[in-house]
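*Asks:* With the sequence up front, the predicted model follows.
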Amino acid sequence: MSTSTIDLVLVNPNSRKKIYQSLGGSLAAVEPPVWPGLMSTYMKGKGFTTRIIDAEAEELSPSEIALRIEEYNPTLTAVVVYGHQPSASTQNMTGASAAVTAIKSNNPERRVLMVGGHVAALPRETLNTERTDFTCSGEGLATLTALVEAIKGGRTEDYAKVPDLWFWEKGGKARFSAVPAPLLKDLDGEMAMMDWEQLPMDRYRAHNWHCFGDLKRQPYAAIYTTLGCPYHCSFCCIQAPFKSGEKAMGMKESSSSYRFWSPEVVLNQIEYLVKKHGVRNLKFADEMFVLNPRHIEGICDGIIRRKLDLNIWAYARVDTVKDNMVDKLKAAGVNWLVFGIEAATDRVRTNVEKRFEREEVYATVGKVRKAGISVLGNYIFGLPEDDVDSMKDTLNLALDLNTEFANFYSAMAYPGSQLYHLAVKQGWALPETWSGYSQHSVDTLPLPTKYLPAGEVLRFRDEAFHAYFTHPKYLQMVAEKFGPATVEHIREMTTHKLDRKHVPARKLAA
């Protein structure tokens, strides 16, 4: 039986430099790890003792993580593989794999669980390829409690009763417990607030664009007001951790994993962050915050009523922003909304379950900006129906919308997405390393399209980034809205050139 006084250590691994290259320095945001913070709260509510190691914020090496684990001597170590958004989970396997390897090399008897979006998408594969004792195929909360209890009791036979657990049987055979865990419903009661007291709050900083105008990026925090997502876009892997719970409750696979914290609980957490940690820059990390009018209005009205001074950004969809929302969002301090515009050409969008008209994009962006809210547009190059003309169409749409910031992505077959299953079925080349799923690493390898090889898609993406952020129309708009210091910051940002292994050299003209 374990003599540990700490039941569970939750590790947020460190992958930033590997997956962002030079952008991983002062330009990249450093976000508090939402899932480890929530898991710690949940476990402490069940009577367990916890510690959180945020290796990314503390810039810990794998060996330093392993030494910290030995100091704590926990019953179970959980390496939590999430990221700033669902697509970042797989790229963070780079740091997670290194951390697990270091922990087990330092102490082979140390029991390690891997949990998170990527792990839930590929639980058996992760167990077979990483030096971990266990993997979790679901959300992870019920798995953590039952597994710690089984280990503390010395009952290895009880592993088969732990929900959503993959583990090693005697003889070295991988086995699934086949006990699905329902999705946690009582968010207010069991995870009312992240475990902020265990996080290094002085190390977190906002995205650069979030603070255009003054560029004061600290203090910073990110919270969920909802969990899951009601949508099933084919390029997204958000549903991977929630699929087991849906099946356990008899739901169809296409049903929603979307759940809410009450506005009052959300507001209490925000007020705590403001008063205890001086937070003004805040991210609503929900996959889709601007969706349910009652939920949004409850939170916005509460922020206004409590007179909280905030600079918030949140995700929205072109088809979810209603006319009567925007003024209240602005009054509550929502200064940025992020839209997944993805592609300009109708056939490209429709093929990946993004069904809205171009005119709707212009109308929504115009409405939001009229209310004084800045817009970040997300665009994807290399979706299955993309060709050179359609990618140019998307870039031209971005340039014409001229939003205050833009993210340009290459289409990736993220594990847990429909595109991943399609890529495997079609035999398309996938990245050989987890860092290859990053948008900014040396070995980034996106999907090919029906008409273009992967390298040409990646080249277009990188050139589109520089075309947008060096465009005179864009820089003029930024100067007028945010001032010359922000323009200089953007100019400095565009001096960072990414090395790319899979972008072919241009042929010289004959």
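*Replies:* Yep, it's here.
*Asks:* how many neighbours does residue 73 have?
*Replies:* 14 (other CB atoms under 10 Å). C-beta coordinates here come from the backbone N, C-alpha and C atoms, glycine included.
*Asks:* Oops, could you answer that again for residue 275 instead?
*Replies:* Counted with other CB under 10 Å, the neighbours of residue 275 add up to 10.
*Asks:* And it, how close does it get to residue 211?
*Replies:* Per CB to CB, to the nearest Å, residue 275 is found 21 Å from residue 211.
*Asks:* What of residue 30?
*Replies:* Distance, residue 30 to residue 211, by CB to CB: 13 Å.
*Asks:* And residue 139, by the same measure?
*Replies:* Residue 139 is 32 Å from residue 211, by CB to CB.
*Asks:* the more surrounded of these two?
*Replies:* When residue 139 and residue 211 are compared for neighbours, residue 139 comes out ahead with 27 against 22, by other CB under 10 Å.
*Asks:* Report pLDDT for the more buried one.
*Replies:* For residue 139, the model assigns a pLDDT of 91.
*Asks:* which SS class is it?
*Replies:* What DSSP: H, G, I helix; E, B strand; the rest coil gives for residue 139 is coil.
*Asks:* what's it sitting at in phi/psi?
*Replies:* phi -70, psi -40 (degrees, to the nearest 10).
*Asks:* Just confirm it contacts residue 187, I think it does.
*Replies:* No - at 11.6 Å, residue 139 does not count as touching residue 187 under the criterion of CB atoms under 8 Å.
*Asks:* What's the mean pLDDT across stretch 262-278?
*Replies:* pLDDT averaged over stretch 262-278 gives 98.
*Asks:* Show me which positions of that stretch end up buried.
*Replies:* 263, 265, 266, 267, 268, 269, 270, 273, 274 (16 or more other CB atoms under 10 Å).
*Asks:* With residue 261 as the reference, measure out to the fourth one.
*Replies:* The reference is to residue 267. 10 Å.
*Asks:* The fifth one now?
*Replies:* Relative to residue 261, residue 268 is positioned 10 Å away (criterion: CB to CB).
*Asks:* any common contacting residues for the two?
*Replies:* Jointly contacting residue 268 and residue 261 under the rule CB atoms under 8 Å, 6 or more residues apart in numbering are residue 192.
*Asks:* Run through the helices of the stretch 251-400 of the chain in chain order.
*Replies:* Under the criterion DSSP state H, counting those that start in this stretch, helices of the stretch 251-400 of the chain are mapped to 263-277, 293-306, 326-331, 346-351, 358-370, 388-401.
*Asks:* Between those, which one is closest to residue 92.
*Replies:* helix 263-277 (24.1 Å; CB to CB).
*Asks:* Now for residue 277: which residues touch it?
*Replies:* 196, 201, 219, 221.
*Asks:* Mind doing that once more with 10 Å?
*Replies:* 196, 199, 201, 202, 204, 219, 220, 221 (CB atoms under 10 Å, 6 or more residues apart in numbering).
*Asks:* go on, residue 219?
*Replies:* 201-206, 273-274, 277-282.
*Asks:* ok, so of the buried residues of stretch 262-278, who is nearest residue 67?
*Replies:* Of all these, residue 273 has the smallest distance to residue 67: 30.6 Å, by CB to CB.
*Asks:* surely the closest one meets residue 199?
*Replies:* No - between residue 273 and residue 199 there is no contact under CB atoms under 10 Å: 11.0 Å.
*Asks:* any weak-confidence spans in this protein?
*Replies:* Low-confidence segments of the chain (pLDDT under 70): 1-4, 16-25, 85-88, 231-235, 237-256, 351-355, 507-510.
*Asks:* Show me the domain layout of it.
*Replies:* Domain assignment of the chain by automatic domain parsing yields the ranges 6-176, 205-225+261-411+446-493.
*Asks:* out of the ones you listed, deepest packed?
*Replies:* Highest mean neighbour count of the domains of the chain: domain 6-176, a mean of 21 (counted as mean count of other CB atoms under 10 Å).
*Asks:* how distant is that domain from the center of its chain?
*Replies:* Computed by CA atoms, centre = their mean, to the nearest Å, the chain-centroid distance of domain 6-176 equals 16 Å.
*Asks:* What separation do you get for residue 6 and residue 394?
*Replies:* Residue 6 is 50 Å from residue 394, where distance means CB to CB.
*Asks:* any residues in contact with both of residue 273 and residue 199?
*Replies:* 32, 221.
*Asks:* Residue 463 belongs to a helix, doesn't it?
*Replies:* Yes - counting by three-state DSSP, residue 463 is found in a helix.
*Asks:* so who does it touch?
*Replies:* Shown in contact with residue 463 (CB under 10 Å, 6+ apart): 381, 395, 408, 503.
*Asks:* How about the secondary structure of the closest residue to the last one other than its chain neighbours?
*Replies:* To tie it back to what came earlier, the one meant is residue 503. Excluding its sequence neighbours, the residue lying closest to residue 503 (CB to CB, 6 or more residues apart in numbering) is residue 459, at 4.8 Å. Assigned with three-state DSSP, residue 459 falls in the helix class.
*Asks:* doesn't residue 500 make contact with residue 459?
*Replies:* Yes - counting by CB under 10 Å, residue 459 touches residue 500, with 7.7 Å between them.
*Asks:* Okay, the residue lying closest to residue 489 once chain neighbours are set aside and residue 426: tell me how far apart.
*Replies:* Residue nearest to residue 489 in three dimensions, not counting chain neighbours: residue 215, with 6.2 Å by CB to CB, 6+ apart. Look at residue 215 and residue 426: by CB to CB, they are 45 Å apart.
*Asks:* Could you pull out the strands in the stretch 351-500 of the chain for me?
*Replies:* Here the stretch 351-500 of the chain has its strands, by DSSP state E, counting those that start in this stretch, at 374-381, 405-410.
*Asks:* same check, this time on the stretch 201-350 of the chain
*Replies:* Secondary structure of the stretch 201-350 of the chain (DSSP E, counting those that start in this stretch): strands at 220-223, 226-227, 259-260, 281-284, 311-316, 334-342.
*Asks:* I'd like to know which of those strands lies nearest to residue 54.
*Replies:* Residue 54 lies closest, by CB to CB, to one member of those: strand 220-223, at 12.5 Å.
*Asks:* So what touches the closest one?
*Replies:* With contact meaning CB under 10 Å, 6+ apart, strand 220-223 is reached by 29-34, 37-38, 84, 193-194, 196, 199, 201, 203-207, 210-211, 261, 266, 269-270, 272-274, 277, 279-286, 311, 313.
*Asks:* what about 8 Å?
*Replies:* Strand 220-223 has contacts (CB under 8 Å, 6+ apart) with 29-32, 34, 194, 196, 201, 204-206, 266, 269-270, 273, 277, 279, 281-285.
*Asks:* Starting from that strand, tell me which strands it pairs with and how they run.
*Replies:* strand 281-284 (parallel) (DSSP bridges).
*Asks:* CA atoms only: put the strand it pairs with into CSV for me.
*Replies:* The C-alpha coordinates for strand 281-284 follow below in CSV (Å, rounded to 0.1, in the frame of the first residue of the first chain):
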residue,chain,number,x,y,z
ASN,A,281,-7.3,40.4,-19.0
LEU,A,282,-9.7,37.4,-19.1
LYS,A,283,-10.4,34.7,-21.6
PHE,A,284,-13.6,32.7,-21.7
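*Asks:* For the strands of the stretch 351-500 of the chain, could you give me a markdown table that also reports distance to residue 388?
*Replies:* Formatted as a markdown table, these follow (distance: least, CB to CB, whole Å):
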| stretch | distance to residue 388 |
| --- | --- |
| strand 374-381 | 10 |
| strand 405-410 | 14 |
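*Asks:* Residue 27 and residue 57, how far apart?
*Replies:* Residue 27 sits 16 Å away from residue 57 when distances are taken as CB to CB.
*Asks:* can you check residue 228 too?
*Replies:* Per CB to CB, residue 228 is found 26 Å from residue 57.
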